[in-house]
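Asker: just the structure for this:
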Amino acid sequence: MNANTDNKDNIATPTHTPQRQAFCEVVESRRSVRRFTDTPIPDDVLSDCLRLAMLAPNSSNLQPWEFYVIDNVDSRKRAVKNCMNQNAAKTSARLIAVVARTDVWHDHAQQVLREFPDTPVPKKVKDYYNKVVALDFLRGPANIVSVAKWGATQVVRRVKGPIKSPYYTFEDTKNWATNNTSLAAGNLMLALRAHGFDSCPMGGFDEPAMKRLLELGDDHHIVMMIGAGERADNGIYNTQFRFEQNQFVHYV
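Answerer: Predicted coordinates:
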């Protein structure tokens, strides 16, 4: 059996799910752990977890995320304080700021074209990243471009039907960036669990103070802080439960 056959056998299909059990075990054993042991997370393990984080789905492959691993002793002490001295930050082996960027879409669009794996780059791909992406995000001085986009969008909807809403405001772009970055954060936490470590996503932190510590600008948005490490025996505070699935799932 050659390597291609092996790889094909490992790809899940509706009738062949070789990774289902392992995946379920990772998802079902993931908990928000508030206390960690002194066991370190090796650099190669963390690197692999971050690699898997960045394989998360994201809009147009523009990857508007950054991860700040706070290892410096003084910076970590200040970061823990900015996290309200939560145990999940204080006892973590690694403390990570997950950051969304609203100012990288243009540079990343051009990077996609430079690094596109198929050569020559198809014309439709060039047109998409040079024209469609730009039209989607550009707002112009005093949002003048956004006003024009809004009017054009209404016309297209009336004449041709549904059309994706462009990003009209800074808040639209911020929502886009944070939504995509949250997908990567989810991957990161599951990757840590697959490596035998745990995590706790924290929304309780002083963002202005944390941004000053990390020297971030107005176009950086800290989506969450993640404490990571090996779970301690007293690291899980409560029994896990969720509301009934039928409360949230609607078939229409």
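
Asker: what sits up against the helix or strand hosting A100?
Answerer: Per DSSP states H and E: A100 is located in strand 94-101. With contact meaning C-beta atoms under 8 Å, 6 or more residues apart in numbering, strand 94-101 is reached by 41, 46, 64-71, 76, 79-80, 83, 89, 174, 177-178, 180-182, 184-185, 188, 210, 214, 216, 219-229. In this view, the C-beta of every residue, glycine as well, is placed from N, C-alpha and C.

Asker: just the C-alpha atoms of that strand, please, in PDB.
Answerer: C-alpha atoms of strand 94-101 as PDB (Å, rounded to 0.1, in the frame of the first residue of the first chain):
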ATOM      1  CA  ARG A  94       1.800  29.600  28.700                       C
ATOM      2  CA  LEU A  95      -0.300  32.800  28.500                       C
ATOM      3  CA  ILE A  96      -1.400  33.800  25.000                       C
ATOM      4  CA  ALA A  97      -3.200  36.900  23.700                       C
ATOM      5  CA  VAL A  98      -5.300  36.200  20.700                       C
ATOM      6  CA  VAL A  99      -5.500  39.300  18.600                       C
ATOM      7  CA  ALA A 100      -7.600  40.300  15.600                       C
ATOM      8  CA  ARG A 101      -6.200  42.800  13.000                       C
END
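
Asker: Provide the strand pairings for that strand, with the direction of each partner.
Answerer: Applying DSSP bridges to the sheet, strand 94-101 is found paired with strand 65-69 (antiparallel), strand 220-229 (antiparallel).

Asker: out of the ones you listed, flag the one nearest Q245.
Answerer: With distances scored as C-beta to C-beta, the stretch of the strands paired with strand 94-101 nearest to Q245 is strand 220-229 (24.9 Å).

Asker: show the pLDDT at S146.
Answerer: On pLDDT, S146 comes in at 87.

Asker: if I look at it, how far off is F137?
Answerer: 10 Å (C-beta to C-beta, to the nearest Å).

Asker: okay, and the common contacts of these two?
Answerer: With contacts defined as C-beta under 8 Å, 6+ apart, the residues shared by S146 and F137 are P166.

Asker: would you mark the buried spots in stretch 173-183?
Answerer: For stretch 173-183, the neighbour count (16 or more other C-beta atoms under 10 Å) marks T173, K174, W176, A177, T178, N180, T181, S182 as buried.

Asker: please apply the same query to stretch 118-134.
Answerer: Judged by neighbour count using 16+ other C-beta under 10 Å, the buried positions of stretch 118-134 are Y128, Y129, V133.
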